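Visitor: coords please:
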Amino acid sequence: MNIEKAIIETLKREVTPAIGCTEPVAVALAAAKVKELMPFGVLELLEVYVSPNIYKNGLAVGVPPTDEVGLEIAAVLGYVGGDSSKGLKVLESITQEDIQQAKALLKEGRLKLSIKNTTEKIFIEVVGHGPESSIGRAIIKGQHSSFVYLQSGNRVLLDAAEEKQQENKEAQLLYRLSIASILQTIEEIPASELHFLLEGLEMNERVARAGLNKRLGMGVGYTLMENIASGILGDDLMNYAKILTAAASDARMSGISLPVMSSNGSGNNGLTAILPIAAYRSKYAVNNDRLARALAMSHIMNSYIKHYIGRLSSLCGCAVAAGTGASVAIAWLMGANTQQIEGAIKNILGDISGMVCDGAKVGCALKLSTSASAAIQAALLAINNQVIPAGNGIIAETAEETIRNLKLLSEEGMGKADEVIIRVMRKRFGMEIA
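Guide: The predicted structure follows:
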């Protein structure tokens, strides 16, 4: 196995731009594909079936460029005006006319949304029904933009579920390696081959500035910045990391029509993995080569942990995965050795491993703010050789064992959490189980 090649391929596959929260956007992507597959191009009914995790993360989040939230508007908007060739930027070219047409379809009852009874974390099936019993069908599974089944009328154009699973299995060999060996390889990769990651830093900073220029969503970043201006909070690295990360989430969760650089299928993971590094750059001199390596470490660490807990989990991935990635990157930028970097991983997982994911929404800005702060704190403590000892909770002798314990916590300890959260959400909004 060529570790360097695997790292670069993983980064190029997992670090991609997205407009809007990736769960409703993935639904929009599937719906846009279905429109292309409809034999007669006339829609009578659009059926959408989503896994519980997709439902949880898509119910209450803004859908750009509308003032609406949820999977329903995302689905019809994707069908009406989405461009599937743009992947997770499928809604980039939506017009006001598209929005009005989409709302009309909803008012006419042309959409049926149901939760699929499946153990798959990422599963989206969209079926478009047209005249003469014609259909178009698209299924996304495993990753937010990964089509595994396409059907137009009676013709099956793609049925690649098994091939996709095999492809993913081969790609995930990287996560069996030690963290130390992965980070060492990143240090040895020619920095120029990692410079493409700098685009994501600039992209996500742009979204953060939008959340600081105007009170959006909950206004968490905006309000914290006001408190710095008034002297209540200090203008230090930890607070600035919190402010940048929260402001970007404020903007994104409110449905702003700006792309963010996602990480491992999540825009908020991308914000958390990148913006504490942007905060570090604003406070301390660091050249592009070191920035690119730090970003690579953050993204790879995010992917490493999500390989164990899943792309969508009952635990907040922004905290336990992207937050850990940011902590590793910050510790490395500050000159930490391998032992100290592994200490940072233990510190942050010992701190916020219990943070649950209760869906994507404006309140995520608070969780991202907490994650950014915890990332800096964990790194600072580790650099001073203050690390949670093995045997404290889920903390083990090594960082890798600790992450495997996190997997147990996520899968076995938190097994009922998603079910309970979705029950609470359904109580308010109502939803059919298919």
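
Visitor: ok, L157 - contacts?
Guide: L157 makes contact with L37, L150, Q151 under the criterion C-beta atoms under 8 Å, 6 or more residues apart in numbering. The way it works is simple: take the backbone N, C-alpha and C, and place the C-beta from them, glycine included.

Visitor: cool, and E205?
Guide: L244, A248, L275, A278.

Visitor: of the residues you listed - the most surrounded one?
Guide: Neighbour counts for the contacts of E205 (other C-beta atoms under 10 Å) peak at A248, which has 35 neighbours.

Visitor: need the contacts of L157 in CSV (columns: pLDDT).
Guide: Formatted as CSV, these follow (pLDDT from 0 to 100):
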residue, pLDDT
L37, 94
L150, 97
Q151, 96
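
Visitor: most neighbours, which of the residues you listed?
Guide: L37 (22 neighbours).

Visitor: contacting residues for the nearest residue to that one once chain neighbours are set aside?
Guide: Distances taken as C-beta to C-beta, 6 or more residues apart in numbering put G136 closest to L37, at 3.2 Å, once the chain neighbours are dropped. Shown in contact with G136 (C-beta under 8 Å, 6+ apart): 33-39, 127-128, 130, 151-153.

Visitor: keep only those of these that are in helices.
Guide: The helices, defined by DSSP state H, take in K33, V34, K35, E36, L37 from these.

Visitor: centre-most residue in this protein?
Guide: Nearest residue to the geometric centre of the chain (C-alpha atoms, centre = their mean): S266, 1.2 Å.

Visitor: that one contacts C318, correct?
Guide: Yes: assessed by C-beta atoms under 8 Å, S266 is found in contact with C318 at 7.4 Å.

Visitor: and the next helix or strand past the helix or strand containing Y304?
Guide: Secondary structure from DSSP states H and E places Y304 in helix 288-309. Where DSSP H and E defines the elements, the next helix or strand beyond helix 288-309 is helix 317.

Visitor: got a list of contacts for the helix or strand just after that following helix?
Guide: Sequence order places helix 323-333 as the next helix or strand after helix 317, per DSSP H and E. Helix 323-333 has contacts (C-beta under 8 Å, 6+ apart) with 183, 241, 263, 272-277, 280, 284, 286, 290, 293-295, 297-302, 305, 340-341, 344-345, 347-349, 352, 371-372, 374-376, 378-379, 382-383.

Visitor: just the buried positions in helix 323-333, please.
Guide: G323, T324, G325, A326, S327, V328, A329, I330, A331, W332, L333 (16 or more other C-beta atoms under 10 Å).

Visitor: roughly how far is the next helix or strand after that helix from the heart of the chain?
Guide: Of the helices and strands lying after helix 323-333 in sequence (DSSP H and E), the nearest is helix 338-352. Here helix 338-352 shows a centroid-to-chain-centroid distance of 22 Å under the convention C-alpha atoms, centre = their mean, to the nearest Å.

Visitor: now for helix 338-352, which elements pack on it?
Guide: Under the contact definition 3 or more C-beta pairs under 8 Å, 6 or more residues apart in numbering; DSSP states H and E, helix 338-352 sits against helix 179-188, helix 323-333, helix 364-383, helix 399-408.

Visitor: need the ones you listed in JSON lines with distance to K116 and mean pLDDT, can you?
Guide: Shown next, in JSON lines, are these (distance: least, C-beta to C-beta, whole Å; pLDDT from 0 to 100):
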{"stretch": "helix 179-188", "distance to K116": "35", "mean pLDDT": "97"}
{"stretch": "helix 323-333", "distance to K116": "30", "mean pLDDT": "98"}
{"stretch": "helix 364-383", "distance to K116": "24", "mean pLDDT": "98"}
{"stretch": "helix 399-408", "distance to K116": "24", "mean pLDDT": "97"}
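
Visitor: winner for burial among these?
Guide: Ranked by mean neighbour count, these are led by helix 323-333 with a mean of 30 (mean count of other C-beta atoms under 10 Å).

Visitor: hmm, back to that, E226 versus the residue nearest to the centre of the chain, what's the distance?
Guide: Here S266 is placed at a distance of 28 Å from E226 (C-beta to C-beta, to the nearest Å).

Visitor: and if you look at L157?
Guide: Taking C-beta to C-beta, one finds L157 at 53 Å from E226.

Visitor: contacting residues for K121?
Guide: S51, N53, G310, R311, L312, S313.

Visitor: and the contacts of L157 as TSV, adding distance to S114?
Guide: Shown next, in TSV, are these (distance: C-beta to C-beta, whole Å):
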residue	distance to S114
L37	20
L150	20
Q151	19
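
Visitor: could I get the full set of strands for the chain?
Guide: Ranges of strands within the chain are 17-19, 45-50, 111-115, 123-129, 135-141, 147-152, 155-159, 259-261, 432-433, based on DSSP state E.

Visitor: paired strands for the third one, with orientation please.
Guide: According to DSSP bridges, the neighbouring strands of strand 111-115, each with its direction, are strand 45-50 (parallel), strand 432-433 (parallel).

Visitor: can I get it in PDB, CA atoms only?
Guide: C-alpha atoms of strand 111-115 as PDB (Å, rounded to 0.1, in the frame of the first residue of the first chain):
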ATOM      1  CA  LEU A 111     -44.300  15.100  -2.600                       C
ATOM      2  CA  LYS A 112     -44.400  12.200  -0.200                       C
ATOM      3  CA  LEU A 113     -41.600  12.000   2.400                       C
ATOM      4  CA  SER A 114     -41.000   8.900   4.600                       C
ATOM      5  CA  ILE A 115     -38.400   7.500   6.900                       C
END
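
Visitor: quick one: low-confidence residue ranges for the chain.
Guide: 1, 161-171, 428-434 (pLDDT under 70).

Visitor: before we move on, back to that, A396: which of the ones in helices among the contacts of G136 is nearest?
Guide: Using C-beta to C-beta, K33 is the member of those that lies nearest A396, at 43.4 Å.

Visitor: wait, L349 touches I395, no?
Guide: Yes: with contact defined as C-beta under 8 Å, L349 counts as touching I395 (7.0 Å).

Visitor: and for the two, which residues touch both?
Guide: Joint contacts of L349 and I395 (C-beta under 8 Å, 6+ apart) are T402.

Visitor: looking at the two, which has the bigger crowd around it?
Guide: L349 (29 against 22).

Visitor: which ones are touching the more buried one?
Guide: By C-beta under 8 Å, 6+ apart, the neighbours of L349 are V320, T324, I394, I395, T402, I403, L406.

Visitor: kindly report the same for L37.
Guide: G128, G136, R137, A138, L150, Q151, S152, L157.

Visitor: all set, thanks.
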